[in-house]
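Colleague: Using only what follows, build the 3D model:
(one chain, ligands or ions: 1)
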Amino acid sequence: MATPLAPEPDWIRVRASGKINLALRVGAVRPTGYHPLATVFQSVSLFDEIAVRWSEPGRFSVTVVGEQADQVPCDDRNLAVRAARLLAEHYGPNRLGAEIVVRKTIPVAGGMAGGSADAAGTLLACSVLWDLDTTPDDLRTFGAMLGADVPFQLMGGTALGTGRGDELMPVLSRGTYHWVLALSEDELPTPAVFRRFDELNPDAPAELPLPTGVLNALVAGDAAALGAALVNDLQPAAAAMRPGLVRILQTGTELGALGAIVSGAGPTCAFLAANEAAAVDLSVQLSSQGLCRAVRRVMGPVPGARLITA
Ligand code: C5P
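Modeller: This next block holds a predicted model:
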């Protein structure tokens, strides 16, 4: 059998990036069950690959390969399948079908919006496969129906997210940032982290201030200022659920990171390094501590979901 993600003519392939929240301010839960956010997303160079090809009408299947593939459901809960079905329902319920293959590199339930990246990649790949007349705005609208992070995972780069995190504005960001990621052995379910946030923050505000410290550092291209401004209101909740995260964050800081933060709802931890050489150094030293499943070096910002044309 041919490698599923080989560049064969009948497969459409997309690369979708993971994200870090450079700032994640969280307000009081709304009746919808969602929390208002003021967040700054940055896409980083950790990629899932999504490949799709025609299947018989009404048939949607997914195979997941790569890191932690066994932890991803392959039934109708899979976000890639849900993305394909959503598009098909809108554009041709009795005409469209897709076989989907996802190669995982972004940690599963790791706070880097890996599932949302797969949904974003599938929306793009299926719209090309089925030759649909969709605009980027249309895809973002479908994306928001699938999850709050999906619109950003389509867009990529650096953006301010408000509302549920799905109302986006591009952010001016100078330079490239070098990150070291500490990937965790286990997962942290996002809804549970938000629930713990509610318990820890009974007086969370309804309105949130803009994360100006992070925004100013990005405009200036000042890595040291960005490191100092990183903020995540979900971090205490994630750390309460995974106490080992505190030690990992401390270790990265002691090893010279400019800033240390839990990524999104965790448990992935992100460390900002001054430059590429410092990131190499930090990743080697952090690996040798044996505190996490794996250490990855990534850069940001990078684009969101994009076709692979080669
Ligand atoms: O939108 P998505 O399905 O990715 O969100 C997963 C869960 O994260 C939601 O069901 C909700 O519990 C929580 N969430 C939230 N507020 C947000 C985004 C996500 O409470 N703004």
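Colleague: The closest residue to Asp186 other than its chain neighbours: what's it in contact with?
Modeller: Distances taken as Cβ to Cβ, 6 or more residues apart in numbering place Pro267 nearest to Asp186, at 7.0 Å, with adjacent residues excluded. Placement of C-beta: from N, CA and C, glycine included. Applying Cβ atoms under 8 Å, 6 or more residues apart in numbering, we find Pro267 in contact with Gly110, Gly111, Ser184, Asp186, Glu187, Leu188, Ala238, Arg242, Leu245.
Colleague: Show me the residue sitting in the middle of this structure in space.
Modeller: Ala113 (2.7 Å; Cα atoms, centre = their mean).
Colleague: Would you check that my belief about it contacting Phe152 is correct?
Modeller: Yes - applying Cβ atoms under 8 Å as the test, Ala113 and Phe152 come out as touching, 7.4 Å apart.
Colleague: hey, what's in contact with both of those two?
Modeller: Shared contacts of Ala113 and Phe152 (Cβ under 8 Å, 6+ apart): Lys19.
Colleague: What's opposite Arg297 in the beta bridge?
Modeller: Val180 (DSSP bridges).
Colleague: I'd like the mean pLDDT over the helix or strand hosting Leu160, please.
Modeller: Per DSSP states H and E: Leu160 is located in strand 158-162. Averaging pLDDT along strand 158-162 gives 98.
Colleague: Output that strand as CSV, nothing but the C-alphas.
Modeller: Output of strand 158-162 as CSV, limited to C-alpha atoms (Å, rounded to 0.1, in the frame of the first residue of the first chain):
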residue,chain,number,x,y,z
THR,A,158,0.0,36.4,15.1
ALA,A,159,-3.5,37.6,16.0
LEU,A,160,-5.6,39.1,18.8
GLY,A,161,-8.6,37.0,19.6
THR,A,162,-11.6,38.3,21.5
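Colleague: wait, does that strand contact the ligand?
Modeller: No - taking Cβ under 6 Å from any ligand atom as the criterion, strand 158-162 and the ligand are apart, separated by no less than 8.7 Å.
Colleague: Please apply the same query to stretch 66-79.
Modeller: No - under the criterion of Cβ under 6 Å from any ligand atom, stretch 66-79 makes no contact with the ligand; the nearest approach is 8.5 Å.
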